[in-house]
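Undergrad: Mind looking at a prediction? Sequence and model below.
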Amino acid sequence: MPEPVRIGDHALDNLRYIRETMERAGSFTSIPGWGGLVIGLTAIGAGVLLQERSGEAWLIGWLSEALVAAAIAIATMAVKGKRNSVDFTAAPARRFFASYFAPLIAGAVLTFVLWRAGQFVAMPALWLLLYGASFVTSGAHSIRVIPVMGLLYMLLGVAAAVIPEAGNLFMIVGFGGLHVIFGFVIARSYGG
């Protein structure tokens with residue numbers, strides 16, 4: 001006759017199942033609104049300064065802005081996450097970051113390809129489209145406003161593909177304006 005299952009073991013299995021189900025169902029909510037707003041302001045400044053630049057000087061300027069934006073995002077996300085006791089290794093955060101970074105990695109590789117070919121004019125469309133795609137995909141694991149923002153970035157990317165000579169202006173509107181607007185919305189509606 002098989003030995004009966006101890007009630008404590010059964011209860012632990014049930015608790016483990018409930019915890020894993022809750023993790024899978026959760027969403028990542030530590031998107032830093034105020035940080036996004038600051039990122040938008042720095043992007044507007046960079047875009048205005050780079051308006052008359054072209055080629056490698058323009059590329060270096062925007063890549064420098066991307067590094068500044070990443071530093072702001074990491075710092076403000078850490079502050080918001082700590083304030084809300086968010087575990088960045090939990091399933092919702094892992095899903096968010098995996099779907100967020102995949103399009104960005106593709107963008108980095110394609111930027112290198114375009115740089116080698118001297119095709120700087122194609123970069124704004126590429127960046128806006130893939131940055132938007134990163135928000136559309138990661139938004140499935142986050143707050144509702146994120147995929148909307150992603151779609152708007154993608155529309156700007158399409159516009160930059162159709163009117164490539166205005167690419168820097170679309171970058172200012174996207175990386176600057178959309179970050180300011182959605183950063184404010186996120187900060188006001190989703191706790192900073």
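TA: Arrived safely, thanks for sending.

Undergrad: Number of residues surrounding Leu110?
TA: Number of residues near Leu110 (other Cβ atoms under 10 Å) recorded here: 15. All C-beta atoms are positioned from the backbone trio N, CA, C, and that covers glycine.

Undergrad: Contacts only, for it.
TA: By Cβ atoms under 8 Å, 6 or more residues apart in numbering, Leu110 lies in contact with 126, 130.

Undergrad: do the same with the one 10 residues further on
TA: With contact taken as Cβ under 8 Å, 6+ apart, Phe120 is in contact with 54-56, 58-59, 114.

Undergrad: now these: which count as buried?
TA: Buried members of these, scored by 16 or more other Cβ atoms under 10 Å, are 58-59, 114.

Undergrad: Now flag whichever of those residues is closest to Ala161.
TA: For the buried ones among the contacts of Phe120, the residue nearest Ala161 by Cβ to Cβ is Leu114; the value is 12.9 Å.

Undergrad: Take the buried ones among the contacts of Phe120 and keep only those in helices.
TA: Among the buried ones among the contacts of Phe120, DSSP state H puts 58-59, 114 in helices.

Undergrad: Now find how far off-centre the host helix or strand of Ala93 is within its chain.
TA: Following DSSP states H and E, one finds Ala93 within helix 91-117. Using Cα atoms, centre = their mean, to the nearest Å, the mean C-alpha position of helix 91-117 is found 10 Å from that of the whole chain.

Undergrad: tell me which residues in it are buried?
TA: Neighbour counts over helix 91-117 (16+ other Cβ under 10 Å) mark 91-93, 95-96, 99-100, 103-104, 107, 111, 114 as buried.

Undergrad: for stretch 139-151, same thing?
TA: Residues 139, 141-143, 145-147, 149-150 are the ones in stretch 139-151 that count as buried (16+ other Cβ under 10 Å).

Undergrad: and the two most separated of those?
TA: Of all pairs drawn from these, the widest gap by Cβ to Cβ lies between His141 and Met149 and measures 14.3 Å.
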